[in-house]
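*Asks:* missing the sequence, but the structure's below:
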Ligand SMILES: NC(=O)c1ccc[n+]([C@@H]2O[C@H](COP(=O)([O-])OP(=O)(O)OC[C@H]3O[C@@H](n4cnc5c(N)ncnc54)[C@H](OP(=O)(O)O)[C@@H]3O)[C@@H](O)[C@H]2O)c1
């Protein structure tokens, strides 16, 4: 399988490392041989060789802030030009997320699908804003568009719904979809104030310098929209759902909830009401006996309510270099692996 990597940052490099580590497993278990033919990155530079690139060399070149520009097989052009001219079977889109416009990722995804490449992405933008359209385009071209890494990173929550819960009706999905806010709420339970906890989260690299996307709930809202469209088959945009973050929660409110046997969590939720798909993001007091209440720190979790099994909860990482790279590997195996 010839792979094109667009975006060679944390996730792109994590996936490249997995291709190297798991080369034998992929061949033995899935009869899958990966050949990365192109890498497109904005500042680090771009490479293309139809015979395949040396991934170890590429990883070494970008370690400690280095560039691909020092290597052979230079491609002269931007990511879109690379997608349009490359011969590849699958494109991995791992550039930065813009949840307002979905760009540049949506243009990359469309160009690859139009060319007849399968696509996997970890980028929430195109999926939260344009999923039905992109699925339609993929169907039209006879290829697949998968996006496991957009919610809960490599913890396979979308595959769980699509493949493993086959034949079940899912009536509600509710979860902790943002690790930063869950870390902040967990720390505040120890009696620390919001501002000092946010500062600590920023120092530890859990929160951005401008933390709005996390603390105001927008990141969770994008994931709620992906769940609504991917699992409930709706055609929603993030603005369709109410969204409230954690900025008004105080240590006092957390302590009072604890006395009532409850714990505050920022909950992203999608459910069916009178056959209509509803969604929301808001802090909720969760009963301490519920599996979601025990999920602390930067971990993510989701509970599916089904007609066949009742509740099923999956708990796992929601971010990370290898964890998110692994989500793209799952999709690639589903697309190209043979058992
Ligand atoms: N990291 C995680 O744990 C995680 C988890 C779930 C989902 N995601 C999503 O996965 C995607 C990648 O995340 P990341 O952590 O790898 O981000 P990152 O480290 O910032 O890497 C993004 C890469 O994309 C490149 N890029 C940006 N615009 C580009 C363009 N127009 N053409 C080509 N390359 C471009 C950047 O290039 P330069 O740096 O050279 O400018 C950078 O190397 C994001 O959408 C993110 O939201 C990440």
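*Replies:* Here it is on my side, so go on. Fair warning: this is a prediction, and the values are worked out from it, not measured in the lab.
*Asks:* Next, work out how far apart the residue in the chain that the ligand sits nearest to and residue 43 are.
*Replies:* Proximity of the chain to the ligand (CB to the nearest ligand atom) peaks at residue 9, 1.9 Å away. Bear in mind the C-beta positions are built from the backbone N, C-alpha and C, glycine included. Separation of residue 9 from residue 43 (CB to CB, to the nearest Å) stands at 10 Å.
*Asks:* Look at the two and report which has more neighbours.
*Replies:* Comparing residue 9 with residue 43 by other CB atoms under 10 Å, the one with more neighbours is residue 9, at 16 against 10.
*Asks:* For stretch 181-191, which outside residues touch it?
*Replies:* Contact with stretch 181-191 is made by 176, 194, 197-198, 200-201, 206-207, 214-215, 217, 220, 245-246, 249, 251, 254-255, 258, 263-266, 283, 295-300, as judged by CB atoms under 8 Å, 6 or more residues apart in numbering.
*Asks:* The ligand contacts on the stretch 101-250 of the chain?
*Replies:* Within the stretch 101-250 of the chain, the positions lying close to the ligand (CB under 6 Å from any ligand atom) are 104, 122, 123, 124, 149, 153.
*Asks:* 5 Å instead, please
*Replies:* 104, 122, 123, 153 (CB under 5 Å from any ligand atom).
*Asks:* okay but the residue of the chain closest to the ligand is in contact with residue 92, surely?
*Replies:* No - with contacts counted by CB atoms under 8 Å, residue 9 stays clear of residue 92, the gap being 11.9 Å.
*Asks:* per-residue confidence for the closest residue to residue 250 other than its chain neighbours?
*Replies:* Spatially, and ignoring its direct neighbours in sequence, residue 250 is nearest to residue 194 (7.2 Å; CB to CB, 6 or more residues apart in numbering). The model reports residue 194 with a pLDDT of 93.
*Asks:* residues touching residue 194, list them.
*Replies:* Contacts of residue 194 (CB under 8 Å, 6+ apart): 184, 188, 246, 247, 249, 250, 251.
*Asks:* From those, keep the buried residues only.
*Replies:* 184, 188, 246, 249, 251 (16 or more other CB atoms under 10 Å).
*Asks:* about what we covered before: could I get the phi/psi values of the closest residue in space to the residue of the chain closest to the ligand that isn't next to it in sequence?
*Replies:* The shortest distance from residue 9 to any non-neighbouring residue, by CB to CB, 6+ apart, is to residue 94 (6.8 Å). Main-chain torsions, residue 94, degrees, to the nearest 10: phi -140, psi 40.
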